[in-house]
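J.: Pasted the sequence and its predicted model underneath.
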Amino acid sequence: MTKFDKILGCLVGGAAGDAMGAATEMRTRQQIEELFGGYVTEFLAPPQDTFARGNKAGQVTDDFSLALTTVEKIVENNGLINRDVGVESLIAWSSDDNYFSRFAGPTTRAAINALKGNTVEEYDFKVVNDNAKASNGSAMKISPIALFSNGDVDKAIEDAFTIVTISHDNNISISAAAAVAAATAKAMDVNATLFDVVKAGLYGAQKGDEIGRERAQTYAGPSVYKRMKLAIDIALRTETLSEAIDEIADYIGSGLAAAEAVPAVFGLIVAAKGDAVEAIQAGVNIGYDTDTVATMIGGILGTLHGIQAFPENYLPLLDEANGYDLAKTAKDIEGLLK
Amino acid sequence: MKEKVLGSLIGAATGDAMGAATEMRTTQQIIERFGGPITTFVKPPSDVFARGNQPGEVTDDFSMAYLTCLEMLNTGFEDYDKAAKDALIVWSEDERYFEQFVGPTSRAAIDRFKGKKTEATKLDWLFADNSKATNGAAMKMSPISLFALGDVDKAIDIAVKIASVTHDNNLSVSAAAAVAAATNVALHENVTLKQIVDAAIYGAVKGDEIGRKNYKTLAGPSIVKRVKLAISIAINSKTKEEAMQELSDVIGNSAMAYETLPIAIGIIVACDGELMDSIIMAVNIGYDTDSIATIVGGILGAYHGASRFPDDYLDIINKVNKYDLEKLSELIVEGGKYD
């Protein structure tokens, strides 16, 4: 497996998780089964009562589109990741109305509005901690950005901090993003095993929380790190993937909160024994914020196993549906790795 | 019975008023800001929702409960739905509370009763708005459920009917029913802590069941499983400090029903059901401290009774909030209108 295979695997995995999860978002696992007649394993057109209504099968939402816009801006910036390129990415992404008005999550939306000078004060006083902003909008987009680290886990964590603090300036969102970034960076190593990737994720969560507390806001909320350990523990002690999905949904949750979605990602990765497609499908069917969970799973395991992990039709289908050329983007990223 | 009913009222009001000062902060930030844990009524700082409140003044949690109790007395229990709606309207017109404290789910419900199209009702086209699985029903349910006078199934019925007016989803209803069931078992004489905790689980199971059948089923963690996890964390921690940290890190202390209710039960178990220890742990555990402490105080106040609170609490609460909790407790037990 070449580095290019891994990079392309990350992009295809992320896009596939997002597009497949777009149809199932907000429902419970049981409601997904009822609506679609079973466990979803294909790209489907999202129903009219979800955020992605109007999307075609294979079309992505905010998760992957924001990641890809950021990757493109970093490429234009010769691979250099700094705050300016992050700001530029958010502004560029928000000018595409196909995504911003339909999909932008509450924290990203507030940050973009503030960057544009349209600050809408949610409170008429300065509240000590805006804890509801400890959301997963940081981690959802970080996997492809972590590819620029070329396997340097600490650089991936630092880059994640730089990019996500523009919108998610708190220890919990940073911890979650650093976990996904570190796992993705580790997965670029050709000798990396699933165990190494999960360990890197746990390291990233701790490190991200630490630098978040030092250099950003500390918010009240659960520990991403401890919930990751619990999710992994659940994955190891359940008998089947199906049982693990239910237990993770019930104990950890799979919602918008960074301390739900990211621990769920690591639990499902372990429960699926690292199989990229099975883990993505687990994310798609776990319920609630399925597209975000599946995007992160696809990014991490796509990197670990490379483009070969996916059915051959995924790449052309995703390119077609979204007007992408993911192989070219992967080449651009590869060309900038040192 | 009257002494236990009054205990629940004092406990809920105490938790709310004490937690009003610590809300939104982490435990560490509370200690830094106040020079140590909060163990009494203090004036909330200017960077929290309760800014401007006096020491001992309640927020949305207890004030909504109080007004709902009054409306229930006035409507004579035939129409819980009407009592809940009337209480919300009265509450929303009280400038002391509405704009300062209203939570997102209650706001959406009130807007809907008033026929207002607002931000809060904008997502009505969505299959399910999972972010509405909040604690706004559970937080006010201890005092309201006292009308069941110890009848657990009646308490669950009251909880379901009142909760569904604003929080018509299985998760919020499950948490509300858990609070109602635990509070009502706690009203019994010679009850054990184990029976109270079992009642919370029974209520959570029942509430989830009824919620799934009659209202919206939202995606989110299981209240029942998280209560069990919280109990296991409480039992397995070596010290109270460790339990507090683990509960806050693993269960969470936000306004989501599946964090608030499980952590409240976990706190009660971690503190062996001790009245003030439990309320103080809830007040200092961080984030939605006032709602967590309101629930803890409502349940354990019923368990221990009014006489177990420091002598001045009832007077402070009555005076600062212009309440007469003693009279309310009498009316709850004996019936009659509040005027």
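T.: Received the coordinates, thanks.
J.: In contact with the residue nearest in space to the middle of chain A, which residues are there?
T.: Nearest to the mean C-alpha position of chain A, by CA atoms, centre = their mean, lies A:Met140 at 2.5 Å. Contact partners of A:Met140, counting by CB atoms under 8 Å, 6 or more residues apart in numbering or on different chains, are A:Asp62, A:Asp63, A:Leu66, A:Ala67, A:Ala261, A:Thr292, A:Thr295, A:Met296. C-beta coordinates here come from the backbone N, C-alpha and C atoms, glycine included.
J.: Out of the residues you listed, give me the one that has the most neighbours.
T.: The residue in the contacts of A:Met140 with the most neighbours, by other CB atoms under 10 Å in any protein chain shown, is A:Thr295 (38 neighbours).
J.: mind checking how far the host helix or strand of that one is from the chain centre?
T.: According to DSSP states H and E, A:Thr295 maps onto helix A:290-305. Helix A:290-305 sits 7 Å away from the centroid of its parent chain (CA atoms, centre = their mean, to the nearest Å).
J.: Mind giving me the packing neighbours of the helix or strand just after that helix?
T.: Using DSSP H and E, the helix or strand that follows helix A:290-305 towards the C-terminus is helix A:314-322. Applying 3 or more CB pairs under 8 Å, 6 or more residues apart in numbering or on different chains; DSSP states H and E, we find helix A:314-322 packed against helix A:3-21, helix A:326-336.
J.: ok but the residue nearest to the centre of chain A is inside a helix, no?
T.: Yes - counting by DSSP: H, G, I helix; E, B strand; the rest coil, A:Met140 is part of a helix.
J.: what's the following helix or strand after whichever strand or helix holds B:Ile144?
T.: Assigned by DSSP H and E, B:Ile144 falls within helix B:141-145. Where DSSP H and E defines the elements, the next helix or strand beyond helix B:141-145 is helix B:152-166.
J.: Following the chain onward from that following helix, which element is next?
T.: Past helix B:152-166, the next helix or strand by DSSP H and E is helix B:170-186.
J.: name the helices or strands packed onto that next one?
T.: Going by 3+ CB pairs under 8 Å, 6+ apart, helix B:170-186 lies up against helix B:2-19, helix B:141-145, helix B:152-166, helix B:193-214, helix B:223-236, helix B:257-270, helix B:289-304.
J.: For that helix, the averaged confidence score.
T.: Average pLDDT, helix B:170-186: 98.
J.: now for the helices and strands packed on helix A:314-322, which one comes closest to chain B?
T.: helix A:3-21 (12.5 Å; CB to the nearest CB).
J.: so how far is the closest one off the chain centroid?
T.: 11 Å.
J.: after that helix, next one along is what?
T.: helix A:29-36.
J.: Report the mean per-residue pLDDT for that next one.
T.: 97.
J.: can you tell if it touches chain B?
T.: Yes - applying CB under 8 Å from any CB of the partner chain, one finds helix A:29-36 in contact with chain B at A:Gln30, A:Gln31.
J.: what comes up buried for whichever helix or strand comes after that helix?
T.: Next helix or strand after helix A:29-36 toward the C-terminus (DSSP H and E): helix A:62-76. The neighbour-count check on helix A:62-76 (16 or more other CB atoms under 10 Å in any protein chain shown) flags A:62-75 as buried.
J.: and which of those residues is nearest A:Ala114?
T.: A:Leu66 (16.4 Å; CB to CB).
J.: Quick one: residues contacting the closest one.
T.: A:Ser89, A:Leu90, A:Trp93, A:Tyr99, A:Thr108, A:Met140, A:Lys141.
J.: same question, A:Ile172
T.: Per CB under 8 Å, 6+ apart, neighbours of A:Ile172: A:Ala134, A:Asp209, A:Gly212, A:Tyr219, A:Gly221, A:Pro222, A:Val224, A:Ala258, A:Ala259.
J.: make it 7 Å
T.: A:Ala134, A:Tyr219, A:Gly221, A:Val224, A:Ala258, A:Ala259 (CB atoms under 7 Å, 6 or more residues apart in numbering or on different chains).
J.: Out of these, list just those in helices.
T.: When these are checked against helices (DSSP state H), the matches are A:Val224, A:Ala258, A:Ala259.
J.: out of these, who has the most neighbours?
T.: Going by other CB under 10 Å, A:Val224 tops the ones in helices among the contacts of A:Ile172 with 37 neighbours.
J.: What count of nearby residues applies to the spatially closest residue to that residue that is not a sequence neighbour?
T.: Nearest non-adjacent residue to A:Val224, counting by CB to CB, 6 or more residues apart in numbering or on different chains: A:Ser175, 4.2 Å away. Using other CB under 10 Å, A:Ser175 has 31 other residues around it.
J.: and the angle for the helix or strand A:Ser175 falls within with helix A:3-21?
T.: Using DSSP H and E, A:Ser175 maps to helix A:171-187. Computed with axes from the mean of the first three to the mean of the last three CA atoms, to 10 degrees, the direction of helix A:171-187 lies at 140 degrees from that of helix A:3-21.
J.: picking that back up, closest to chain B out of the buried residues of helix A:62-76?
T.: So of those, ranked by how close each gets to chain B (CB to the nearest CB), first place is A:Asp62, at 15.6 Å.
J.: Kindly provide the distance from that closest one to A:Ile145.
T.: Distance, A:Asp62 to A:Ile145, by CB to CB, to the nearest Å: 15 Å.
J.: list the contacts for B:Val152?
T.: B:Ala181, B:Asn184, B:Val185, B:Ala199.
J.: Next: A:Lys338.
T.: A:Lys338 touches A:Asn150, counting by CB under 7 Å, 6+ apart.
J.: what does the stretch 151-300 of chain B have sitting close to chain A?
T.: Contacts of the stretch 151-300 of chain B with chain A, taken as CB under 7 Å from any CB of the partner chain, map to B:217, B:219-222, B:225-226, B:229, B:249-250, B:252-254, B:286-287.
J.: switch to 6 Å and redo it
T.: Contacts of the stretch 151-300 of chain B with chain A, taken as CB under 6 Å from any CB of the partner chain, map to B:Ala219, B:Pro221, B:Ser222, B:Lys225, B:Asp249, B:Val250, B:Gly252, B:Gly286, B:Tyr287.
J.: farthest-separated two in the residues you listed?
T.: B:Ala219 and B:Gly286 (25.3 Å).
J.: which other residues reach stretch A:316-325?
T.: Under the criterion CB atoms under 6 Å, 6 or more residues apart in numbering or on different chains, residues A:Ala15, A:Lys56, A:Gly58, A:Gln59, A:Val60, A:Leu326 lie in contact with stretch A:316-325.
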